[in-house]
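Student: dropping a prediction and its sequence here:
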Amino acid sequence: MPKKRTVAKNKSAPVLHCLQPNAAGVDVGATHIYIAVPPDRDPDSVRCFPTFTADLQAAADWMQSCRMDSVAMESTGVYWIPFFQVLEARGFKVFLVNARHVKNVPGRKTDVEDCQWLQYLHTVGLLRALFRPEQAVCNVRSVLRHWDSLVQMASVHIQHMQKALDQMNLQLHHVISDITGVTGTEIIDAILLGERDPHKLAELRDGRIKATAETIAKALVGDYRREHLFTLRQSRAAYRSYQQLIAACDVEIQEYLAGFTSRVDTVERPLAKPKDLHKPRRNELRFDLRSELYRIFGVDLTLVPGINALTAHTLLAEVGPDLSRFASASAFASWQGLCPDDRISGGKVLSVQTRTVKNRAARALRMASQSLHRSQSYLGEYYRRMRAKMGSPKAITAAAHKLARIIFHLLSTRQAYDETIFSKFEMQHMQRKQTRLRYHARELGFDIVPAEPYPSLAESVP
């Protein structure tokens with residue numbers, strides 16, 4: 001009978017080196033926070049504090065008495081923000097980490113064990129801090145996100161007004177493009193003041209409206225019921241109230257943008273006029289946003305196809321004008337979840353799909369890439385080529401990835417966008433198309449001969 005082979009046991013378990021000896025871990029909740037420090041700093045190494053401001057200050061005092069200088073906490077909703085600001089003001093180096101990266105052992109999920117696990121991972125250097133821009137950028141981001149929510153709620157009340165008109169069989173919103181414009185506002189105001197004559201209401205039509213007065217008069221014949229008029233009046237008042245709040249946000253955003261440092265001398269390098277002049281949209285900010293962004297970024301991002309002033313403003317509020325925190329353009333695109341997430345096991349590629357990331361900057365770039373489908377530029381051609389090859393969803397991601405790399409290069413080098421640098425890539429693409437065409441022709445038994453150029457009109461006339 002063969003002897004069993006014995007494996008020598010290593011009596012000394014592997015020990016990870018301590019990279020952050022003065023590290024603490026914080027588990028943040030809505031009403032309480034749990035803080036863990038190294039056991040040799042305090043007999044009671046785990047403490048619980050309420051989330052009142054005085055208690056947060058007391059927690060920071062206790063951590064300073066334990067000689068802590070680095071803190072790790074999860075990004076739990078918005079509950080982490082007050083304590084993060086308190087610790088940052090005290091001089092702590094705060095690591096805000098992704099909750100998915102610090103999952104505890106299954107079956108041992110308590111607040112005490114969570115903060116201890118965070119403290120241990122941070123001590124041995126296994127945590128990576130999330131990107132958070134400077135405070136001035138965070139200020140603009142908070143107001144811009146609030147502005148975006150106000151715009152969405154205002155659009156809901158536009159739908160309520162359209163619903164009330166539909167229930168009264170008033171087809172006004174089907175014959176004019178915008179019921180919140182000059183013509184739509186005056187007609188709805190007159191209806192709510194008691195006017196029912198469709199021809200008198202049609203006289204309020206603005207001269208720029210394409211629909212005729214007769215068409216508008218026919219659309220205003222309906223059943224004016226009291227309950228629907230009440231709904232229409234309430235929705236109109238709510239919409240106007242939100243418009244006042246949006247205007248106040250515009251003023252606040254403009255004041256915050258004025259506090260940013262100028263990265264370009266607008267006198268020596270003035271901003272060029274936009275190539276395409278469009279009618280101001282209803283939801284645009286009510287000041288010269290493009291000039292402010294040019295002064296802050298030091299380069300005009302609106303020259304990039306697909307990028308408008310509002311998209312560039314979203315990038316400023318989410319990332320800021322300084323991208324030095326990102327090592328490369330690839331790191332910047334990966335942070336937005338625009339790169340393939342390769343998953344390989346056993347030498348087999350299981351998946352190359354992009355990570356599911358909730359990133360407002362990535363969403364803005366995806367929307368910008370969708371607008372490239374009619375662009376007569378290199379990026380427009382690239383998007384259409386990718387869409388024919390991989391379909392619309394993957395083409396949008398690929399175009400957004402290319403936009404992210406271009407923006408990183410522009411903000412890092414402060415060089416203006418130049419479309420001519422893509423001529424080399426366009427020539428390479430044409431060479432690949434010719435090679436592929438010759439290959440298919442050779443398979444079918446044909447040969448391709450370059451055609452002679454057509455003679456010009458002057459050469460063809462005898």
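Tutor: Good, I have the coordinates.
Student: immediately after the helix or strand that contains Glu292, which helix or strand?
Tutor: Per DSSP states H and E, Glu292 falls inside helix 289-297. Downstream of helix 289-297, the next assigned helix or strand under DSSP H and E is helix 309-318.
Student: and that following helix, what's its mean pLDDT?
Tutor: Confidence for helix 309-318, expressed as mean pLDDT, is 93.
Student: distance of the residue most central in space within the chain relative to Arg145?
Tutor: Using CA atoms, centre = their mean, the residue of the chain that lies closest to the mean C-alpha position is Arg360, 2.0 Å off. Note on Arg360: its distance to Arg145, by CB to CB, to the nearest Å, is 8 Å. (Glycine included, C-beta is placed from N, CA and C.)
Student: avg pLDDT for stretch 345-353?
Tutor: In this model, stretch 345-353 has a mean pLDDT of 80.
Student: in it, what's buried?
Tutor: Judged by neighbour count using 16 or more other CB atoms under 10 Å, stretch 345-353 contains no buried positions.
Student: what's the offset of stretch 428-444 from the middle of its chain?
Tutor: Centroid displacement of stretch 428-444 relative to its chain, using CA atoms, centre = their mean, to the nearest Å, is 40 Å.
Student: related to what we said a few turns ago, who's in contact with the residue nearest to the centre of the chain?
Tutor: 145, 314, 318 (CB atoms under 8 Å, 6 or more residues apart in numbering).
Student: where in this structure is pLDDT low?
Tutor: 1-16, 104-108, 275-282, 453-462 (pLDDT under 70).
Student: what segments of this structure are strands?
Tutor: 23-28, 32-36, 46-50, 70-74, 93-97, 343-345, 348-351 (DSSP state E).
Student: quick one, which of the ones you listed is packed in tightest?
Tutor: Most buried of the strands of the chain by mean neighbour count (mean count of other CB atoms under 10 Å) is strand 23-28; its value is a mean of 26.
Student: report all helices and strands that that one contacts.
Tutor: Counting contacts by 3 or more CB pairs under 8 Å, 6 or more residues apart in numbering; DSSP states H and E, strand 23-28 is packed against strand 32-36, strand 70-74, helix 80-89, helix 111-123.
Student: can I get these in a markdown table with distance to Ile246?
Tutor: Shown next, in a markdown table, are the helices and strands packed on strand 23-28 (distance: least, CB to CB, whole Å):
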| stretch | distance to Ile246 |
| --- | --- |
| strand 32-36 | 36 |
| strand 70-74 | 34 |
| helix 80-89 | 24 |
| helix 111-123 | 40 |
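Student: so for Ala333, which of these sits nearest?
Tutor: Of all those, strand 70-74 sits nearest to Ala333, with 25.0 Å by CB to CB.
Student: export stretch 39-47 to CSV, keeping only CA atoms.
Tutor: Provided in CSV are the C-alpha atoms of stretch 39-47 (Å, rounded to 0.1, in the frame of the first residue of the first chain):
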residue,chain,number,x,y,z
PRO,A,39,-6.3,48.5,19.0
ASP,A,40,-3.1,49.9,20.5
ARG,A,41,-4.3,53.5,20.3
ASP,A,42,-7.3,53.2,22.7
PRO,A,43,-8.8,50.5,24.9
ASP,A,44,-12.1,51.1,23.3
SER,A,45,-10.9,51.0,19.7
VAL,A,46,-14.4,51.1,18.1
ARG,A,47,-16.8,53.9,19.0
